[in-house]
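Chemist: Dropping the sequence and predicted coords here.
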Amino acid sequence: MERFKTKNPDFRDMLDWGFREVPFLKYVGVMLLDAGEGWCESEVMVEPHHLQQGGYIHAGVISTMADHTAGGAATTLVAKDEFVLTLEFKINLLRAAKGSRLRCRAEVLKPGSRFSVVESEVYLTGENGGETLVAKGTFTMALLKFPGSS
């Protein structure tokens, strides 16, 4: 993987806040696991409200996790006065997921001054600890300035 350099050595503070304080993420239960320059990992402990009518994990949970984790990966490379916003995404749901834990890893493929392209992979963790890829997505993130910054 190509190594990218952050413009904000304190990016972890922004990520921690973004995973901890966003109300929808609190409801869904997406939690930050770890991050570094150009990548981010998260997890969801699956609860009954995450399931659809067949008992599988709802695609909305998987998509939300992949999207926010992609945003986290892009955030690791932006300046202190910038933030990211999803511009578009495509997600492939590769198999139906039933289990107790999801893990997502997102990596920046191409950073830019206005847009970044990020890839996310979502895995279902089995009872034996093995992981199965359940979804893969590509995300375009817009880089925006915080209001009031120049």
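Modeler: Nice, thanks for sending it over.
Chemist: got the residue ranges for the helices in the chain?
Modeler: 11-21, 23-28, 59-75 (DSSP state H).
Chemist: Ok, which of the ones you listed comes nearest Phe146?
Modeler: Closest approach to Phe146 among these (CB to CB): helix 11-21, 10.6 Å. Any C-beta I mention is one placed from the backbone N, CA and C, and that applies to glycine too.
Chemist: Would you mark the buried spots in that closest one?
Modeler: Across helix 11-21, burial judged by 16 or more other CB atoms under 10 Å covers 11-12, 14-15, 18-19.
Chemist: ok, now how distant is Ser63 from Ser120?
Modeler: Here Ser63 is placed at a distance of 9 Å from Ser120 (CB to CB, to the nearest Å).
Chemist: which one of these two has more residues nearby?
Modeler: Using other CB atoms under 10 Å as the criterion, Ser63 and Ser120 rank with Ser120 on top: 28 against 17.
Chemist: thinking again about what came up before, switch the helices of the chain over to JSON lines; also include distance to Thr125.
Modeler: Formatted as JSON lines, the helices of the chain follow (distance: least, CB to CB, whole Å):
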{"stretch": "helix 11-21", "distance to Thr125": "19"}
{"stretch": "helix 23-28", "distance to Thr125": "17"}
{"stretch": "helix 59-75", "distance to Thr125": "13"}
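Chemist: low pLDDT regions in this protein?
Modeler: Counting by pLDDT under 70, the chain contains low-confidence ranges at 1-2, 150.
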